[in-house]
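1. what's the 3D shape of this:
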Amino acid sequence: MAAAPRHLLVVDDEPHIGLLLRPHLEHVGYRVSLARTLGQARSVLADLRAPVDALLLDLHLPDGSGLDLLRDLRGAAATRSLPVIVLTAEGEDRVLDEAQELGSALLTKPFSPTKLVARIARLLGDSPPPSPPPRSLDESR
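-> All right, here's what the predicted structure looks like:
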């Protein structure tokens with residue numbers, strides 16, 4: 001990975017997703033911000049002091065669709081190429097197809113944190129981080 005930790009923004013309204021992912025991602029060297037709404041995500045993305053290197057985005061949020069945020073990101077020059085992984089339990093082909101057409105990778109819930117870390121590293125062009133010592137995510141609470 002790069003010398004400075006990559007900054008990931010996890011946007012998911014289910015609190016347990018962030019609580020489980022954050023310690024795992026931080027353990028392998030990422031810096032993680034959490035947002036539970038589109039509004040919170042937009043605030044983090046607008047903070048130029050802490051640029052986001054990649055976005056992990058749920059599609060169903062309390063204040064709208066993650067697809068709306070993805071469309072906005074792709075429409076702005078500054079975020080057009082921001083790496084995005086859509087984390088979803090969504091099964092509707094039309095929605096998944098649009099997310100992919102907008103340049104995002106897809107990871108269907110449930111997923112293993114190890115698989116997610118490998119996908120993030122590949123998306124960012126980083127070397128895969130070393131595997132953490134075996135432990136259950138439940139132990140990190």
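
2. Report the contact partners of the spatially most central residue of the chain.
-> Centroid-nearest residue in the chain, with C-alpha atoms, centre = their mean: L56, separated by 1.2 Å. By C-beta atoms under 8 Å, 6 or more residues apart in numbering, the residues touching L56 are L8, L9, V10, V11, D12, L21, V84, I85, L87, L116, I120. (Glycine included, C-beta is placed from N, CA and C.)

3. May I see the buried residues of stretch 96-106?
-> L96, E98, A99, S104, A105, L106 (16 or more other C-beta atoms under 10 Å).

4. Among those residues, find the lowest-pLDDT one for me.
-> Taking those together, the minimum pLDDT is found at L96 (86).

5. now what about the strand or helix carrying that one, what contacts it?
-> Assigned by DSSP states H and E, L96 belongs to helix 93-101. Residues outside helix 93-101 that contact it (C-beta under 8 Å, 6+ apart) are L59, L67, L70, V86, T88, E90, L106.

6. Next SSE downstream of that helix?
-> strand 105-108.

7. for that following strand, packing partners?
-> With contacts defined as 3 or more C-beta pairs under 8 Å, 6 or more residues apart in numbering; DSSP states H and E, strand 105-108 has these neighbours: strand 84-88, helix 93-101, helix 113-124.

8. want to throw these into CSV with distance to V52?
-> As requested, the helices and strands packed on strand 105-108 are arranged in CSV below (distance: least, C-beta to C-beta, whole Å):
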stretch, distance to V52
strand 84-88, 10
helix 93-101, 18
helix 113-124, 11
